[in-house]
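[1] with the sequence up front, the predicted model follows.
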Amino acid sequence: MGGPMATNLSAAMAEGQQLVIFDVNATAAAEIAKALPNATVAGSVAEVAAQCTTVLTMVPETSHVEAVYLGGESVSLSLSLSLSLS
């Protein structure tokens, strides 16, 4: 599901910008990153948040959105901690 979006984002990004990908299926993320020269794979949602100023999600269910933004290693928690430490 996220592969086509990642491809489109990668093509639209300015030179020097990096696309950071995370998927619970590490093999899927690695395959996408392998096909895109400006993409890297993060090991967790928190790692994405630590590396990025903009986060987009491509997930199939509400429960997945909640986990990404409100879970224990969530984007929100990671961003909050990052801002608090700045």
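    Alright, I've got the coordinates. Note that the coordinates shown come from a computational prediction; the quantities given were computed from them, not determined experimentally.
[2] just the helices in this protein please.
    Remark: helices assigned in the chain by DSSP state H are 2-12, 26-35, 45-51, 62-70, 75-85.
[3] off-centre distance for the third one?
    The gap between the average C-alpha position of helix 45-51 and the chain average comes to 7 Å, counting by CA atoms, centre = their mean, to the nearest Å.
[4] which strands or helices does that helix pack on?
    Secondary-structure packing of helix 45-51 (3 or more CB pairs under 8 Å, 6 or more residues apart in numbering; DSSP states H and E): strand 19-21, helix 75-85. Quick note: C-beta positions are derived from backbone N, CA and C, even for glycine.
[5] mind listing the strands the shortest one pairs with, and their directions?
    Applying DSSP bridges to the sheet, strand 19-21 is found paired with strand 39-41 (parallel).
[6] in the strand it pairs with, which residues are buried?
    39, 41 (16 or more other CB atoms under 10 Å).
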